[in-house]
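K.L.:
Provided below for reference: sequence and predicted model.
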Amino acid sequence: MRVVYFIVLGSLLILGYLSFHVTPAIEAFMSSFFSGFLATLLAVVLGLPVAYKINQHAIDSADKSAKKQNIESLGNALQTLVIAMEGNTELLREYYENALKTETPSWGTLIDSSAWEAVRDDINAELTPANFRRGLAHYFKLVKDFEMLNAYYYDLIFKADGSPNHKSNLRRTNWMLLQLHHYLVTEAPDLIITAKRVMKNHGES
């Protein structure tokens, strides 16, 4: 903007100088030329603020649209995780009663360990607390560990040979499953509450 104003001022000075030092014919030409030139410059000067406001409005609209889209993606992602954690909690309680408590083999746990991988990229780093993101990632990692340990437990029970080493492995695996089970069942409610609070807060913003 400042450069344009200097150009206008310089043009006016040149026009004033030439009016005293040129012939009438050249003066008429220069006057016509500078009149058109100044008209163009004035149009630019007057149009720049308007163009700036239009451009700024477009940028603001794009930013708002992107933020709204990020919030919607985050809401859908968190809703997916909430559904998975609520379902896992019920399945883990059934697993405890039917498998761990009775030491009865279970081929599969049916718990969902894939939800985090499916929506991880939509958990926007700018919209969710770092500790909460780490908590979600850790929870679903342990869900996957639980599935793998259950498969090992299943093999141990069916391959029982009565040896002291086998019985020791069986007890140790059962104990590890109990610890993981306890963590997952007790940790899920806090994560679910936090997820719903984040969804509510960003839904109102």
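P.N.:
The structure has been received and is ready for your questions. Residues are numbered from 1 along each chain as shown.

K.L.:
may I have the phi/psi pair for D112?
P.N.:
phi -100, psi 110 (degrees, to the nearest 10).

K.L.:
could you list the buried residues of stretch 175-183?
P.N.:
Across stretch 175-183, burial judged by 16 or more other Cβ atoms under 10 Å covers 177, 180-181. C-beta: built from backbone N, CA, C; applies to glycine.

K.L.:
mind putting those in CSV, secondary structure included?
P.N.:
CSV is the format used below for these (DSSP: H, G, I helix; E, B strand; the rest coil):
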residue, secondary structure
L177, helix
L180, helix
H181, helix
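
K.L.:
ok, those residues vs D122, which is closest?
P.N.:
L180 (26.7 Å; Cβ to Cβ).

K.L.:
does L156 touch N165 like I think?
P.N.:
No. The criterion here is Cβ atoms under 8 Å, and L156 misses it with N165 at 10.9 Å.

K.L.:
name the residue in those two with the higher neighbour count.
P.N.:
Comparing L156 with N165 by neighbour count (other Cβ atoms under 10 Å), the higher total belongs to L156, at 18 against 8.

K.L.:
quick one: residues contacting the more buried one.
P.N.:
Shown in contact with L156 (Cβ atoms under 8 Å, 6 or more residues apart in numbering): 166, 169-170, 173.

K.L.:
of those, buried ones?
P.N.:
Buried among those by 16+ other Cβ under 10 Å: 170, 173.

K.L.:
I'd like the contacts of L156 as a markdown table, with distance to E147 and secondary structure appended.
P.N.:
Listed next are these as a markdown table, based on distance: Cβ to Cβ, whole Å; DSSP: H, G, I helix; E, B strand; the rest coil:
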| residue | distance to E147 | secondary structure |
| --- | --- | --- |
| H166 | 22 | helix |
| N169 | 18 | helix |
| L170 | 18 | helix |
| T173 | 13 | helix |
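
K.L.:
and the contacts of L156 as TSV, adding distance to T89?
P.N.:
What follows is the contacts of L156, written out as TSV (distance: Cβ to Cβ, whole Å):
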residue	distance to T89
H166	32
N169	28
L170	26
T173	22
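
K.L.:
now distance to R197 and pLDDT too, for the contacts of L156, in CSV please.
P.N.:
CSV is the format used below for these (distance: Cβ to Cβ, whole Å; pLDDT from 0 to 100):
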residue, distance to R197, pLDDT
H166, 47, 84
N169, 42, 88
L170, 42, 86
T173, 37, 90
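
K.L.:
kindly indicate which of the contacts of L156 lies nearest L149.
P.N.:
For those, the nearest to L149 is T173 (6.5 Å; Cβ to Cβ).

K.L.:
could you pull up the residues touching that closest one?
P.N.:
149, 152-153, 156.

K.L.:
between all of those residues, which two are at the greatest distance?
P.N.:
L149 and L156 (10.3 Å).

K.L.:
just the CA trace of stretch 82-102, in PDB.
P.N.:
What follows is stretch 82-102, C-alpha atoms only, in PDB (Å, rounded to 0.1, in the frame of the first residue of the first chain):
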ATOM      1  CA  VAL A  82     -16.500 -45.300  22.900                       C
ATOM      2  CA  ILE A  83     -18.600 -48.000  21.300                       C
ATOM      3  CA  ALA A  84     -15.600 -50.400  21.100                       C
ATOM      4  CA  MET A  85     -14.600 -49.800  24.800                       C
ATOM      5  CA  GLU A  86     -18.100 -50.200  26.000                       C
ATOM      6  CA  GLY A  87     -18.500 -53.500  24.100                       C
ATOM      7  CA  ASN A  88     -15.100 -54.700  25.200                       C
ATOM      8  CA  THR A  89     -16.000 -54.100  28.900                       C
ATOM      9  CA  GLU A  90     -19.000 -56.300  28.600                       C
ATOM     10  CA  LEU A  91     -17.200 -59.000  26.700                       C
ATOM     11  CA  LEU A  92     -14.300 -59.000  29.200                       C
ATOM     12  CA  ARG A  93     -16.600 -59.500  32.100                       C
ATOM     13  CA  GLU A  94     -18.200 -62.500  30.300                       C
ATOM     14  CA  TYR A  95     -14.700 -63.800  29.600                       C
ATOM     15  CA  TYR A  96     -13.800 -63.600  33.200                       C
ATOM     16  CA  GLU A  97     -16.800 -65.600  34.300                       C
ATOM     17  CA  ASN A  98     -16.600 -68.100  31.500                       C
ATOM     18  CA  ALA A  99     -12.900 -68.600  31.000                       C
ATOM     19  CA  LEU A 100     -10.600 -67.100  33.600                       C
ATOM     20  CA  LYS A 101     -12.700 -67.900  36.700                       C
ATOM     21  CA  THR A 102     -13.300 -71.500  35.600                       C
END
